[in-house]
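A.B. asks: structural data only, the sequence is not supplied:
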């Protein structure tokens with residue numbers, strides 16, 4: 001989401017990034033960015049993104065998805081409440097959602113998916129090959 005524009009702009013971009021950075025990781029950093037973006041009035045979003053070296057199209061798409069999820073939650077009768085600063089709730093939700101994709105590296109360099117006995121081989125070029133573990 002950051003735009004590099006030479007050394008001076010790089011320092012400005014790093015300073016802007018630090019406003020949102022969470023020591024708890026990238027997901028919470030992105031949550032901080034999204035929360036700040038949602039607070040900005042629509043007519044000022046473009047300038048705010050420019051000032052913070054963020055891509056307005058990406059954040060606009062994220063806002064559309066956020067609003068769609070809110071509508072679905074309302075239709076299902078689910079409460080739409082914020083965790084505020086209780087990031088433990090966010091961490092639990094992330095772990096629950098991401099656990100299905102977790103894996104442990106094996107001594108032979110393959111990865112074993114945690115939830116099933118399936119090995120995933122790491123191949124050059126970032127491609128993955130799946131096969132059942134015996």
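C.D. replies: The structure has been received and is ready for your questions. Keep in mind it's a predicted model, so treat the numbers as computed, not measured.
A.B. asks: spatially central residue for the chain, please.
C.D. replies: For the chain, the residue lying nearest the average C-alpha position, counting by C-alpha atoms, centre = their mean, turns out to be residue 27 (4.2 Å).
A.B. asks: touching the helix or strand harbouring that residue from outside, list them.
C.D. replies: Remark: residue 27 resides in helix 26-39, with elements defined by DSSP states H and E. The contact list for helix 26-39, computed with C-beta atoms under 8 Å, 6 or more residues apart in numbering, reads 1, 19-22, 45, 48-49, 52, 54, 59, 62-63, 66, 87, 90, 94. From N, CA and C alone the C-beta is placed, and that goes for glycine too.
A.B. asks: check contacts around the nearest residue to residue 29 once chain neighbours are set aside.
C.D. replies: Of all residues beyond its chain neighbours, the one nearest residue 29 is residue 22 (4.7 Å), with distances taken as C-beta to C-beta, 6 or more residues apart in numbering. Contacts here follow C-beta under 8 Å, 6+ apart; on that basis residue 22 touches 28, 29, 31, 32, 87.
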